[in-house]
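[1] Here is my input, please return the structure:
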Amino acid sequence: MADVTIKRFFKGDRYLWGLIAFFMLLSLLSVYSSSVSVAYASHHGNTFYFLRSQFIMLMLGLLIIVVTHWIPYIRYMQFATIGLVVAILLLVITLFAGVSINQATRWLEIPVIGLRLQTSDLAKVALVIYLARGLTVYQHELNNFRVVTMKLVVPVGIVCVLIMSENLSTAVMIFMISMIILFIGRIPIKFILAYVGLGVAVVILFASLLLVFKKDNNRVQVWKNRIEARINKENSADANYQANQANIAISTGKIFGKLPGKSTQRNLLPQSNSDFIFAIIVEEYGLFGAVIVIMAYLALMYRGVQIARKCDYAFPALMVLGLTVMIVFQAFLHMMVAVGIAPVTGQTLPMISWGRTSVIVISFALGAMLSVSRVMNARERQERLSEEEQTDKIPA
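    Numbering: from 1, shown residues only. Model prediction:
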């Protein structure tokens with residue numbers, strides 16, 4: 001009976017559902033372990049504060065996945081443009097009326113419930129779905145530079161420009177994800193190279209203007225410190241504090257780690273339950289745990305590709321591939337930061353790090369992927385039943 005109920009409400013790719021369950025379980029274990037000391041010190045001895053918060057958000061995320069995977073994927077295409085317009089408006093409002101945390105204005109607070117949303121995350125998923133729609137609608141004009149630029153790349157530029165002043169790393173990440181999606185959508189490589197070159201020029205010009213005209217700006221100082229930390233690692237212990245502590249956590253994890261709950265660097269590493277949670281996972285579960293997490297995200301990418309391969313139409317395939325790229329790209333960027341390959345970006349580990357907007361957005365993305373999978377599976381079953389009926393009608 002229970003098995004029938006589960007199959008009735010949880011449709012789509014069962015392997016993807018299994019990965020979601022794995023991410024959620026690991027999230028609860030890792031968030032509690034990485035934040036227990038901070039919770040005790042900052043919430044009157046309540047060591048379960050962050051665990052409870054994450055559990056609530058994951059349950060909300062599960063509800064979002066269930067609801068969105070029952071929405072026909074064609075609805076995502078129909079509302080893609082409206083969704084992007086709303087996301088852009090929220091980004092504009094954030095610039096002028098957002099909540100500032102850690103010297104950055106990236107959040108909007110919802111009145112009454114007090115929930116803070118990071119609008120760049122909302123814009124990210126809205127842009128991915130919009131690009132999937134655009135690549136579908138204009139699929140016969142993708143060799144037209146003007147059409148591609150005006151219909152696809154200009155919206156990418158608007159989103160990135162609105163984000164970059166307060167969150168340059170996220171703007172760059174969104175731009176790179178967008179270029180990958182355009183490549184998947186068969187935009188000519190010469191167009192993509194031109195856009196990448198223009199993007200690099202814009203970032204350099206933007207940073208140069210801020211350094212000249214806003215030397216005392218808090219975000220400019222943060223960027224300057226991070227650049228200096230990357231160039232002069234041996235002379236930048238203070239500026240590179242987070243990266244150093246993350247490296248210590250990873251190096252002490254060895255093969256099988258210190259075991260769950262035994263982390264020592266969680267007491268020294270800022271944002272250990274969000275921006276650097278992978279470092280704590282490696283410290284407690286070792287190289288073995290790191291490989292498991294990496295394989296899980298690679299498995300997510302594989303399932304996304306398999307779902308896309310079943311699609312008969314361009315939009316669902318491009319949406320699934322775009323959302324898959326978005327999640328996996330962010331995951332590997334987070335892990336690269338933790339091991340010191342990439343500079344500090346503030347990106348969370350999807351569905352594992354403590355967070356609110358991130359859980360909501362990634363859950364929505366996973367639900368949309370499962371929506372496509374659900375429809376494709378139903379179509380396959382219908383075709384199989386039709387074939388069996390035709391076989392039964394053949395006289396012996």
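
[2] how about Leu269, what does it touch?
    Leu269 makes contact with 242, 245-246, 249, 276, 279-280, according to Cβ atoms under 8 Å, 6 or more residues apart in numbering. Bear in mind the C-beta positions are built from the backbone N, C-alpha and C, glycine included.

[3] what ranges do the strands span in this protein?
    99-101, 104-109, 116-118 (DSSP state E).

[4] related to what we said a few turns ago, can you lay out the contacts of Leu269 as TSV showing pLDDT?
    As requested, the contacts of Leu269 are arranged in TSV below (pLDDT from 0 to 100):
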residue	pLDDT
Gln242	83
Gln245	90
Ala246	90
Ala249	93
Phe276	95
Ala279	96
Ile280	96
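
[5] Among the residues you listed, which one sits closest to Ile74?
    Nearest to Ile74 among those, counting by Cβ to Cβ, is Phe276 at 39.9 Å.

[6] could you list every residue that touches that closest one?
    242, 245-246, 249, 269-270, 337-338 are the contacts of Phe276 under Cβ under 8 Å, 6+ apart.

[7] From Val339, how far off is it?
    In this view, Phe276 and Val339 are 11 Å apart by Cβ to Cβ, to the nearest Å.

[8] Now for those two: what residues contact both?
    Contacts common to Phe276 and Val339, judged by Cβ under 8 Å, 6+ apart, are Ala246.

[9] Please pick the buried ones from the contacts of Phe276.
    242, 245-246, 249, 269, 337-338 (16 or more other Cβ atoms under 10 Å).

[10] for those, which one is nearest Leu182?
    Val337 (25.0 Å).

[11] check contacts around the closest one.
    Contacts of Val337 by Cβ under 8 Å, 6+ apart are 243, 246, 275-276, 343-345, 347.

[12] rerun at 7 Å
    By Cβ atoms under 7 Å, 6 or more residues apart in numbering, the residues touching Val337 are 344-345, 347.

[13] doesn't Val328 make contact with Tyr297?
    Yes: using Cβ atoms under 7 Å, Tyr297 is in contact with Val328, at 5.3 Å.

[14] Those two: who's more crowded?
    Tyr297 (24 against 17; other Cβ atoms under 10 Å).

[15] Now the more buried one: closest residue in space that isn't a chain neighbour?
    In space, and not counting its chain neighbours, Tyr297 is closest to Ala331: 4.6 Å by Cβ to Cβ, 6 or more residues apart in numbering.

[16] That neighbour: how many residues sit nearby?
    27.

[17] Could you verify my assumption that it touches Gln347?
    No: assessed by Cβ under 7 Å, Ala331 is found out of contact with Gln347, at 8.7 Å.

[18] For Ile65, which residues are in contact?
    20, 363, 366-367, 370.

[19] next one: Tyr138
    With contact taken as Cβ under 7 Å, 6+ apart, Tyr138 is in contact with 147, 151.

[20] what does the model give it for pLDDT?
    Tyr138 is assigned 96 on the pLDDT scale.

[21] Pull up the gap between it and Val153, please.
    12 Å.

[22] before we move on, back to that, which one among the contacts of Leu269 gets closest to Ala87?
    Of all these, Ala87 sits closest to Phe276, with 27.5 Å by Cβ to Cβ.

[23] And the closest one, its phi and psi?
    phi -130, psi 30 (degrees, to the nearest 10).

[24] Just give the closest residue to it, not the sequence neighbours.
    Closest to Phe276 by Cβ to Cβ, 6+ apart is Ala246, at 5.0 Å.

[25] Help me confirm that the one you found comes into contact with Ala279.
    Yes: Ala246 lies in contact with Ala279 (Cβ under 7 Å); the separation is 4.0 Å.

[26] For those two, list the residues in contact with both.
    Common neighbours of Ala246 and Ala279 (Cβ under 7 Å, 6+ apart) are 269, 338.

[27] related to what we said a few turns ago, out of the contacts of Phe276, which one sits closest to Lys262?
    Distances from Lys262 to those, taken by Cβ to Cβ, are shortest for Ala249, at 11.5 Å.

[28] Go ahead and confirm that closest one touches Asn267.
    No: using Cβ under 7 Å, Ala249 is not in contact with Asn267, being 10.7 Å away.

[29] Phi and psi next, for Ala342.
    Note on Ala342: backbone dihedrals following degrees, to the nearest 10 are phi -120, psi 150.

[30] From Ser169, how far off is it?
    9 Å.

[31] Also Ala132?
    When Ala132 is compared with Ser169 (using Cβ to Cβ), they lie 24 Å apart.

[32] With neighbour numbers in mind, choose between these two.
    Using other Cβ under 10 Å as the criterion, Ala132 and Ser169 rank with Ala132 on top: 28 against 19.

[33] which stretches of the chain have low pLDDT?
    Low-confidence segments of the chain, defined by pLDDT under 70: 1-7, 102-105, 114, 213-239, 388-396.

[34] So which residue is smack in the middle of it?
    Against the mean C-alpha coordinate of the chain, by Cα atoms, centre = their mean, the closest residue is Ile327 at 4.1 Å.

[35] so what's it up against?
    Listed by Cβ under 7 Å, 6+ apart, the contact set of Ile327 reads 300, 350, 362, 365.

[36] Buried residues, the lengthiest helix in the chain. List them.
    When the chain is scanned for its longest helix (criterion: DSSP state H), the result is helix 357-393. Judged by neighbour count (16+ other Cβ under 10 Å), helix 357-393 contains these buried residues: 357-377.

[37] can you tell me how far Glu380 sits from Val293?
    From Glu380 to Val293 the distance is 31 Å (Cβ to Cβ).

[38] Could you report the neighbour count for Phe145?
    The burial count for Phe145: 14, using other Cβ under 10 Å.
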